[in-house]
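# My questions concern the predicted model and sequence given below.
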Amino acid sequence: MNDRTTLMHQALAVILFLSLWEVLPRTGLVNPLFIPPLSGVLQAICDLYASGELLLHARLSLGRALIGFGAAVAIGLPLGLVLGGWFPRIQTATEPLLELFAQANPVILAHIIIFFLGIGEVAKTFIIGWLCLWPIVFSSISGIRSVDVPVLKAARSLGLGRRQLFLKVVLPSAAPAICTGLRLASGYAFIMLVASEMMGGSNGIGWLIVQSQENYHVTRIFAGATVLTTLAVAADLSLKLAEKRFVVWDVALSEDYLKLAPVRGEES
């Protein structure tokens with residue numbers, strides 16, 4: 001199956017989903033009080049945009065998600081690379097502790113977070129950053145550990161120093177796993193927006209959804225959820241495009257030689 005056929009099938013699946021979303025509530029097969037038709041949701045989005053609420057809430061939510069995600073990348077990526085590459089024994093010793101921290105749901109610990117950080121922007125971005133941190137840490141460690149030992153030995157035999165070995169062999173080999181962690185973390189950032197903006201907030205897409213739920217404005221609930229999902233999909237696509245743009249090499253290893261070949265059929 002070529003790329004054009006795959007793209008066509010994906011487009012048809014999206015069109016079918018959107019068509020069912022519009023038709024089923026209109027025909028009464030789905031109660032429109034609980035799931036409004038797509039046209040009603042789009043109208044609610046247009047109304048929110050016309051009133052200026054949509055841009056205000058979306059800008060604030062996007063800023064929180066980016067700050068939390070950026071903080072997680074700034075901390076988690078170096079931490080994962082260091083633990084996986086230079087201090088594997090420390091990583092092994094601290095693995096149970098890391099797993100424990102990763103399972104500590106910040107929503108459950110919200111009262112502790114509020115006690116130390118208050119209910120302002122710091123607490124919101126901390127919740128987002130905490131959940132985003134662990135996929136990045138674990139994917140970086142996994143990527144470093146997945147580098148083939150024969151590849152490292154071959155690079156060593158070519159006279160590469162430790163710094164060059166890391167930059168030219170280890171990091172490119174670990175890049176696919178790292179990118180997977182980044183994409184997972186970006187999804188978590190938008191998932192946690194709703195929870196973080198419930199903590200005494202008065203703005204943001206998550207707050208808009210909660211307020212609409214309390215007032216039973218179903219179309220506004222779906223409008224906020226649709227905007228939030230669109231932002232999450234856009235972030236994921238951006239990371240996917242960046243991965244295709246920069247992660248261009250894979251390592252093909254045979255018994256006789258070490259061959260570096262471009263992933264997309266480029267000649268080395």
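Received it, and whenever you're ready, just let me know what you need.

# all helices for the stretch 151-268 of the chain, in order.
For the stretch 151-268 of the chain, helices defined by DSSP state H, counting those that start in this stretch occupy the ranges 162-165, 171-197, 205-214, 218-246.

# Reformat those as CSV; add mean pLDDT and distance to residue 45.
C-beta coordinates here come from the backbone N, C-alpha and C atoms, glycine included. Output for the helices of the stretch 151-268 of the chain, formatted as CSV (pLDDT from 0 to 100; distance: least, Cβ to Cβ, whole Å):
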stretch, mean pLDDT, distance to residue 45
helix 162-165, 78, 50
helix 171-197, 89, 17
helix 205-214, 88, 11
helix 218-246, 91, 5
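
# Please name whichever of those is nearest to residue 3.
The minimum distance between residue 3 and the helices of the stretch 151-268 of the chain falls on helix 218-246, with 12.1 Å, by Cβ to Cβ.

# Report the buried residues of that closest one.
Within helix 218-246, the residues that qualify as buried are 218-228, 231-232, 235-236, 239, 243, counting by 16 or more other Cβ atoms under 10 Å.

# Please name every helix or strand in contact with the helix or strand hosting residue 55.
Using DSSP states H and E, residue 55 sits within helix 53-85. For helix 53-85, the elements it packs on are helix 38-51, helix 88-103, helix 121-145, helix 171-197, helix 205-214, helix 218-246, judged by 3 or more Cβ pairs under 8 Å, 6 or more residues apart in numbering; DSSP states H and E.

# Spatially central residue (nearest the centroid) of the chain, please.
The centre of the chain sits closest to residue 186, judged by Cα atoms, centre = their mean, with a distance of 1.9 Å.

# For that residue, list the residues it contacts.
Counting by Cβ atoms under 8 Å, 6 or more residues apart in numbering, residue 186 touches 69, 132, 232, 235, 236, 239.

# Make JSON lines from the residues you listed and add distance to residue 191 to it.
Output for the contacts of residue 186, formatted as JSON lines (distance: Cβ to Cβ, whole Å):
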{"residue": "69", "distance to residue 191": "12"}
{"residue": "132", "distance to residue 191": "10"}
{"residue": "232", "distance to residue 191": "8"}
{"residue": "235", "distance to residue 191": "12"}
{"residue": "236", "distance to residue 191": "12"}
{"residue": "239", "distance to residue 191": "15"}
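
# Only alpha carbons, please: show the strand or helix carrying residue 111 as PDB.
In the assignment (DSSP H and E), residue 111 maps to helix 110-117. Written as PDB, here are the backbone C-alpha positions of helix 110-117 (Å, rounded to 0.1, in the frame of the first residue of the first chain):
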ATOM      1  CA  ALA A 110      -3.500  18.100  44.300                       C
ATOM      2  CA  HIS A 111      -4.100  19.200  47.800                       C
ATOM      3  CA  ILE A 112      -0.300  18.800  48.600                       C
ATOM      4  CA  ILE A 113       0.600  20.700  45.400                       C
ATOM      5  CA  ILE A 114      -1.800  23.500  46.300                       C
ATOM      6  CA  PHE A 115      -0.300  23.600  49.900                       C
ATOM      7  CA  PHE A 116       3.200  24.200  48.500                       C
ATOM      8  CA  LEU A 117       2.600  26.000  45.200                       C
END
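
# tell me the angle that helix makes with helix 171-197.
Angular relation of helix 110-117 and helix 171-197 on a 0 to 180 degree scale: 100 degrees, by axes from the mean of the first three to the mean of the last three Cα atoms, to 10 degrees.

# Next, the angle from helix 110-117 to helix 121-145.
Using the same axes, to 10 degrees: helix 110-117 against helix 121-145 is 110 degrees.

# Next one: the closest residue to residue 33 other than its chain neighbours from residue 243, what distance?
With sequence-adjacent residues excluded and distances taken as Cβ to Cβ, 6 or more residues apart in numbering, residue 33 is closest to residue 218, at 6.6 Å. Here residue 218 is placed at a distance of 37 Å from residue 243 (Cβ to Cβ, to the nearest Å).

# what do you get for residue 69?
Per Cβ to Cβ, residue 69 is found 16 Å from residue 243.

# Low-confidence stretches in this structure?
1, 200, 248-268 (pLDDT under 70).
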